[in-house]
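Asks: sequence and predicted structure below; questions after.
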Amino acid sequence: MTVTGGVGFRSERGPILISLMLTTGLVAIDSTILATAVPSIVADLGGFAQFPWLFSVYLLAQAVTVPVYAKLSDTLGRKPILLIGIGLFLLGSVLSGFAWSMPALIAFRAIQGLGAGAVQPMATTIAGDIYTVAERAKAQGYLASVWAVSSVVGPTLGGLFSEFATWRWIFFVNVPLCLIAAWMLTRHLHEKIERRSHRVDYAGAVLLTLGLTALILAVLEGGQAWAWGSPQSIGIFTLGILLLAAFVIVERRAAEPILPLWVFSRRLLLTTTLVALGVGAILIGLTSYVPTYLEGSLGVTPLISGLALAALTIGWPISASLSGRFYLRIGFRSTVLLGMAITLVGTLSLVLFARTPDLLAVALGCFVIGLGLGLSATPSLIAAQSSVPWNERGVVTGTNMFARSIGSAIGVAIFGAIANAIFAASAAGARNPTVVTEAGASVFLAVLVAAALTVVAGLAMPRARVEDVELHTTR
C-alpha cells in the first residue's frame, strides 16, 4: 500500500492523511473537552464519586475492543473497521448528549468507547501501512498535531458550553466530525486486501472484558460502596484475577486469539507495550484530574482550567514530530529514555508545587510532561510497528493501543480511589479547596510513581537500531 511522494497534504497520500487526522480528531476532541465539563456534569446529574467511571468505562470499552478490531483489520482491511468505529462513536455521542442520569451517561460513554477502540488504532495502523519507517515520525507528528489543536479547541468549547450553554453540546459537536471523517475515508482510502476466512475469539473477548471490569469495579468502589477488606472487595478482586487467568488459558488454545501471547514473548514488543501502559496511566492521571484540581483549589473557570491542561497536548506533538531525528540518530531505546527523563522532571514539578496551587506552574509542568510523552510514545510505537510484517502490524499496533487504554482505565481507577478516599475522610469533601488540593497532590504523586515505573520499562528495551527493523517497513 505504501507509495512515494513525501509526507504532507499536497502529496499523493495527502487526502488519506487528512482523513486520518479527522478520525483522530474524534477521540482527541472528546478526551480534551470532557475533562473540563466534569464539574458541570456532576452539578447537573449528581454522582461525584461516580465521575471516574465516565473515563474508566470509556477506556475499558476502548481497550478490550482494540485487539478484536486489530485482528479483524489484518483479515478484512483497515477501512471497514475504521468506518464501523466511527459509526459506533457517533451513536454513543448522540446518546450521551441526551443522557438523563449519571448511570445513563456512563452506559452511553461505553458505546463511545466501543467506537474509539477502532478509531485511534486504525488511524495509527494505516499511517504505518502507507509510510516508510523514515517517514512515520513525521506522519505521526501530523496525527499528534491534531491533539495540539484539540487541546485548545476542546477545552475552549467545553468551557464555553459549560458556562454559557449546556455540557450536552460537548457530545453533539462530534456529529459533524464523524460524518466528514467517514465521507473522506470512503472517498480517498482504497485498500487491496487478500481476504481469507477468520475466526473471532469471542470467548477471549468476553473473559478479558469481565476480568478487567471486575478489577476496575473493585478499585473504584473499594472504600466507597464497601470496605477494602470486606468480603465483597476480596471477592471481586479474586473474581477478576480468575477471569483473567481463564483468559490466558483460552488465548493459548485459540486458533486466532484477540491478544496473541507471542507478542509478549518478544522483548522489543513486550517492553514497548509496557511503555504504552505507563504512558496511558500518566496521561489519564493528568487529563482527568488537573481541571478538577484547578477549579476546586483555585476556583478558576472550566475554560481557564482547560487551557492549562491544553499545555500537555501542545507539548506532545512538538516532540513527536521531532522524535524521528532522535531515533534515526541515537536509536529507539535512547529516545524513549530521554523522553521519560523529561516526563519525570515534569511530574516531579507538579508534586513539588501541588500543595501551593499555582496556575502557571501546573501549565508549565503539563507542557514539559507533554514533551516527554511525545518523545517516548511515538518512537516506542514505531519501533514495535517496524519490527513486524504487514500481516502482523495490525495486531502489534492494536496491542500497543490496548496497553495504553488499559493503562488509562486502570490508572483513572487507582487515581480515583486515591482522590475519593481523601474526599470521604472530610465532611466537606470536594467542596473544600484544601481537601481538593490534598487530593490533587496525592494523585500527582501517584502519577510520578507511574512515570518512574515507565522509565524501568524503557531501560529494559533492547538497543534496536532503525536499520535492524527496516525490513518490515512496507507491504
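Replies: Ah, there it is.
Asks: what sits against residue 448?
Replies: Listed by C-beta atoms under 8 Å, 6 or more residues apart in numbering, the contact partners of residue 448 are 344, 347-348, 350-351. Quick note: C-beta positions are derived from backbone N, CA and C, even for glycine.
Asks: go through those residues and name the one nearest residue 306.
Replies: Set against residue 306, the nearest of the contacts of residue 448 by C-beta to C-beta is residue 350 (17.0 Å).
Asks: show the average pLDDT along the helix or strand where that closest one lies.
Replies: Here residue 350, judged by DSSP states H and E, is contained in helix 332-353. For helix 332-353, the mean per-residue pLDDT is 93.
Asks: what do you get for stretch 437-452?
Replies: Here the average pLDDT along stretch 437-452 is 91.
Asks: show me what counts as buried in it.
Replies: By neighbour count with 16 or more other C-beta atoms under 10 Å, stretch 437-452 contains the buried residues 437-444, 446-448, 450-451.
Asks: coming back round to it: can you tell me which of the contacts of residue 448 is nearest residue 99?
Replies: Nearest to residue 99 out of the contacts of residue 448 is residue 350 (C-beta to C-beta; 32.0 Å).
Asks: distance of the nearest residue to residue 17 once chain neighbours are set aside relative to residue 13?
Replies: In space, and not counting its chain neighbours, residue 17 is closest to residue 142: 6.0 Å by C-beta to C-beta, 6 or more residues apart in numbering. To residue 13, residue 142 is 11 Å away according to C-beta to C-beta, to the nearest Å.
Asks: looking at those two, which one has more neighbours?
Replies: Using other C-beta atoms under 10 Å, the more surrounded residue of residue 142 and residue 13 is residue 13, with 25 against 20.
Asks: ok, that one touching residue 129?
Replies: No: with contact defined as C-beta atoms under 8 Å, residue 13 does not count as touching residue 129 (10.3 Å).
Asks: save the buried residues of stretch 437-452 as CSV, and put in distance to residue 356 and secondary structure too.
Replies: Formatted as CSV, those follow (distance: C-beta to C-beta, whole Å; DSSP: H, G, I helix; E, B strand; the rest coil):
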residue, distance to residue 356, secondary structure
437, 9, helix
438, 12, helix
439, 15, helix
440, 11, helix
441, 10, helix
442, 15, helix
443, 16, helix
444, 13, helix
446, 19, helix
447, 18, helix
448, 17, helix
450, 23, helix
451, 21, helix
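Asks: list the contacts of residue 404.
Replies: Residue 404 neighbours (C-beta under 8 Å, 6+ apart): 276-277, 279-280, 283, 377.
Asks: residue 340: which of those is nearest?
Replies: Closest approach between these and residue 340, by C-beta to C-beta: residue 279, at 9.1 Å.
Asks: pretty sure that closest one is touching residue 374, no?
Replies: No: Residue 279 is beyond contact range of residue 374, at 9.8 Å (criterion: C-beta under 8 Å).
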